[in-house]
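Asks: Provide a 3D model corresponding to the input given below.
(one chain, ligands or ions: 2)
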Amino acid sequence: ADTLNRDYVIKDINLAEFGRDEIAIAETEMPGLMALREEYGASQPLKGARITGSLHMTIQTAVLMETLVALGAELRWATCNIFSTQDHAAAAMAAAGIPTFAIKGETLAEYWDYVGRIFDWSSEDDQDRTCNMILDDGGDATMFALWGARVEAGEDLFEPSNAEEIEFVRALKAFLKAKPGYLTATVRNIKGVSEETTTGVHRLYHLAKQGKLPFPAINVNDSVTKSKFDNLYGCKESLVDAIRRATDTMLAGKVACVAGFGDVGKGSADSLRNGGARVMVTEIDPICALQAAMEGYEVVTMEEAVKRCDIFVTATGNEDVITAEHMKAMKNMAIVCNIGHFDSEIQISALDNYDWKEIKPGTDLVTFPDGKQILILAKGRLVNLGCATGHPSFVMSSSFTNQTLAQIELFTNPGQYKNDVYVLPKHLDEKVAALHLEKLGVKLTTLSKRQADYIGVPVEGPFKPDHYRY
Ligand SMILES: NC(=O)c1ccc[n+]([C@@H]2O[C@H](COP(=O)([O-])OP(=O)(O)OC[C@H]3O[C@@H](n4cnc5c(N)ncnc54)[C@H](O)[C@@H]3O)[C@@H](O)[C@H]2O)c1
Ligand SMILES: Nc1ncnc2c1ncn2CC[C@H](O)C(=O)O
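Replies: Ligands and ions are numbered 1, 2, ... in the order given. Predicted structure coming up:
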């Protein structure tokens, strides 16, 4: 790692030029972010914003980061998954002077130490300087700050029950010892958090319901132009990309199982079917199960799927969806991976005592006592970023335009939001979509006043009621 006590920890600063070259190409595919730089560059709405960012350190995220900086923000950034960093993107950010702490393949200990680094805004001449915004993906950064403040208010930390929690507790205790009172001040100074993903949003609603959310939050995931695009079309492109890079397996003719038929499961099932696989789905929700059936997917239980499927993908946001028992019952050389945010979906640790052989980074061959073998991808962490480069730039532009608008909303309207979870208003959702039409050559039709009146919407939109489902 390239450290030397600089205010970044990355793999190799010499990758910066390569990163910069790919960022330049990505910018041509991210019209929403580039339009926001045009629109807000002069007025600098994020001047004074000190954003602690925890989001996969990819080329696409680098374009988001430099958009936030172009609008006046200062950043400190870490990735939100130990396998998702693209080292050349991290190098380009460090070379651009943005404190970045991310290495592809970092350990859990390093991951949580880096979360501490992005919260440490203190300097020689201002020990009390803290962040005043969080941009989160999955909720790890928010949890670190909140638990720090809660421990300093006298609450007992939970007993860690796995490797991840052990490192979280260790890193948090070290931070609290080094900087007593600092996270309490941080939480007090935070104007809000914008959360990228479904699992992180679930955690925020849970906190709000418990009355333990001490600042406003914007749920970016449930902007239509985020989850109905990134989660759906992003996974449709990046899932099979990852499976192919990790295994070179032929998809055509194979039988695949996707656990969960939400936005990610829908995109994932489509991805596999387009590759020529016959796809089965498992679901708990009768509505999503009915959708899957009517889309032509067989809906089965995992107990049934393990007998018949060659490829398994979890997309539920839940835990223990594929158990050790399930894996023991799978066909020889079955491929098992997860595209959900956390690695809770597959019982990876239950395989610890079996023989693991790393074929290449991201692809492990596990041999069971009876000699049966399976391939585990990205050690059960999200496979599209662990074994490939995640979603392409264009769809991430839609997600990250929402992120940027959410940061502006929270930072420039601190009094407007209570300590609760909000989604962006529909006119901004439609604005994000509109910013991405020209790139695809879309020609939009304009309503006449008569038509607008007939369907009861303003000529300029919003074109749908809040209860509309896209
Ligand atoms: N890898 C990526 O690029 C990426 C992108 C977006 C979201 N995500 C993550 O993917 C996960 C899913 O996101 P989503 O937006 O599709 O969520 P979602 O809530 O829309 O869908 C999850 C589905 O899983 C089903 N489910 C829950 N438990 C199940 C179980 N035990 N068996 C079968 N089905 C079950 C639910 O009924 C639901 O329909 C989340 O963790 C999210 O954060 C990852
Ligand atoms: N290319 C990507 N850059 C950053 N994050 C990415 C990329 N592809 C998928 N993701 C995951 C974020 C996604 O919005 C989520 O909800 O998890």
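
Asks: is ligand 2 contacted by the host helix or strand of A145?
Replies: Using DSSP states H and E, A145 sits in helix 140-152. No. On the criterion Cβ under 6 Å from any ligand atom, helix 140-152 is out of touch with ligand 2, staying 12.3 Å away. Where you see a C-beta, it was placed from the backbone N, CA and C, and this is true even at glycine.

Asks: that helix - what's its average pLDDT?
Replies: Helix 140-152 shows a mean pLDDT of 98 in the predicted model.

Asks: I'd like the next helix or strand past that helix.
Replies: helix 163-178.

Asks: poorly predicted segments of the stretch 201-350 of the chain, please.
Replies: For the stretch 201-350 of the chain, no stretch is flagged by pLDDT under 70.

Asks: hmm, back to that, quick one: the helix holding A145 to helix 163-178, angle?
Replies: 50 degrees (axes from the mean of the first three to the mean of the last three Cα atoms, to 10 degrees).

Asks: does helix 140-152 reach ligand 1?
Replies: No. Using Cβ under 6 Å from any ligand atom, helix 140-152 stays clear of ligand 1, coming no nearer than 12.2 Å.

Asks: packing partners of that helix?
Replies: strand 50-54, helix 108-119, strand 133-136, helix 163-178, helix 182-189, helix 198-209 (3 or more Cβ pairs under 8 Å, 6 or more residues apart in numbering; DSSP states H and E).

Asks: at 10 Å instead, please
Replies: In this structure, helix 140-152 makes packing contacts with strand 50-54, helix 108-119, strand 133-136, helix 163-178, helix 182-189, strand 192-195, helix 198-209, judged by 3 or more Cβ pairs under 10 Å, 6 or more residues apart in numbering; DSSP states H and E.

Asks: contact residues of the stretch 301-450 of the chain facing ligand 1?
Replies: Contact residues (Cβ under 6 Å from any ligand atom) of the stretch 301-450 of the chain with ligand 1: 315-318, 321, 339-341, 382, 384, 390-391.

Asks: now the helices and strands packed on helix 140-152 in TSV, with mean neighbour count?
Replies: Output for the helices and strands packed on helix 140-152, formatted as TSV (neighbours: other Cβ atoms under 10 Å):
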stretch	mean neighbour count
strand 50-54	26
helix 108-119	21
strand 133-136	28
helix 163-178	16
helix 182-189	19
strand 192-195	28
helix 198-209	19
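
Asks: so which of the ones you listed is nearest T225?
Replies: strand 192-195 (14.2 Å; Cβ to Cβ).

Asks: quick check: mean pLDDT across the closest one?
Replies: 98.

Asks: show me what that strand is packed up against.
Replies: strand 50-54, strand 133-136, helix 140-152, helix 198-209, strand 217-219, helix 393-412, strand 421-422.

Asks: again, 8 Å this time
Replies: Using 3+ Cβ pairs under 8 Å, 6+ apart: strand 192-195 touches strand 133-136, helix 198-209, strand 217-219, helix 393-412.

Asks: using JSON lines, lay out the ones you listed together with distance to ligand 2.
Replies: Listed next are the helices and strands packed on strand 192-195 as JSON lines, based on distance: least, Cβ to the nearest ligand atom, whole Å:
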{"stretch": "strand 133-136", "distance to ligand 2": "11"}
{"stretch": "helix 198-209", "distance to ligand 2": "6"}
{"stretch": "strand 217-219", "distance to ligand 2": "11"}
{"stretch": "helix 393-412", "distance to ligand 2": "5"}
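
Asks: shaky segments in the stretch 1-150 of the chain?
Replies: Where the stretch 1-150 of the chain drops to pLDDT under 70, the residues are 1-5.

Asks: residue ranges for the strands of it, please.
Replies: Ranges of strands in the stretch 1-150 of the chain, per DSSP state E, counting those that start in this stretch, are 50-54, 74-78, 100-101, 133-136.

Asks: would you list the ones you listed in TSV and tack on distance to ligand 1?
Replies: As requested, those are exported to TSV (distance: least, Cβ to the nearest ligand atom, whole Å):
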stretch	distance to ligand 1
strand 50-54	14
strand 74-78	18
strand 100-101	20
strand 133-136	12
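
Asks: now do the SS call for T316.
Replies: Applying DSSP: H, G, I helix; E, B strand; the rest coil to T316 yields a three-state assignment of coil.

Asks: tally of neighbours for it?
Replies: By other Cβ atoms under 10 Å, 25 other residues sit near T316.

Asks: is it in contact with G260, as I believe?
Replies: Yes. The pair T316 / G260 is scored as a contact, 3.6 Å apart, by Cβ atoms under 8 Å.

Asks: residue numbers of the chain in contact with ligand 2?
Replies: So the chain meets ligand 2 at 56, 58, 60-61, 137, 196-197, 230, 234, 341, 385, 390-391, 396, 399 (Cβ under 6 Å from any ligand atom).

Asks: give me the distance between the residue lying closest to S349 once chain neighbours are set aside and ligand 1.
Replies: Leaving aside its sequence neighbours, S349 sits nearest to N162 (Cβ to Cβ, 6 or more residues apart in numbering; 6.9 Å). Distance of N162 to ligand 1, given as Cβ to the nearest ligand atom, to the nearest Å: 17 Å.

Asks: pick out the residue in the stretch 251-400 of the chain sitting closest to ligand 2.
Replies: Closest contact between the stretch 251-400 of the chain and ligand 2, by Cβ to the nearest ligand atom, is at G390 (2.7 Å).

Asks: state the helix or strand in which that residue lies.
Replies: Using DSSP H and E, no helix or strand contains G390.

Asks: I'd say it and A378 touch.
Replies: No. Look at G390 against A378 with Cβ under 8 Å: they stay out of range, at 11.7 Å.

Asks: where do the helices of the stretch 351-470 of the chain begin and end?
Replies: Under the criterion DSSP state H, counting those that start in this stretch, helices of the stretch 351-470 of the chain are mapped to 383-386, 393-412, 426-434, 449-455.

Asks: what residues sit buried inside the longest one?
Replies: Burial within helix 393-412, assessed by neighbour count using 16 or more other Cβ atoms under 10 Å, is assigned to 393-411.

Asks: now it: how far from the chain's centre is it?
Replies: Relative to the chain's own centre, helix 393-412 is displaced by 13 Å; criterion: Cα atoms, centre = their mean, to the nearest Å.

Asks: for stretch 68-82, same thing?
Replies: With Cα atoms, centre = their mean, you get 14 Å for stretch 68-82.
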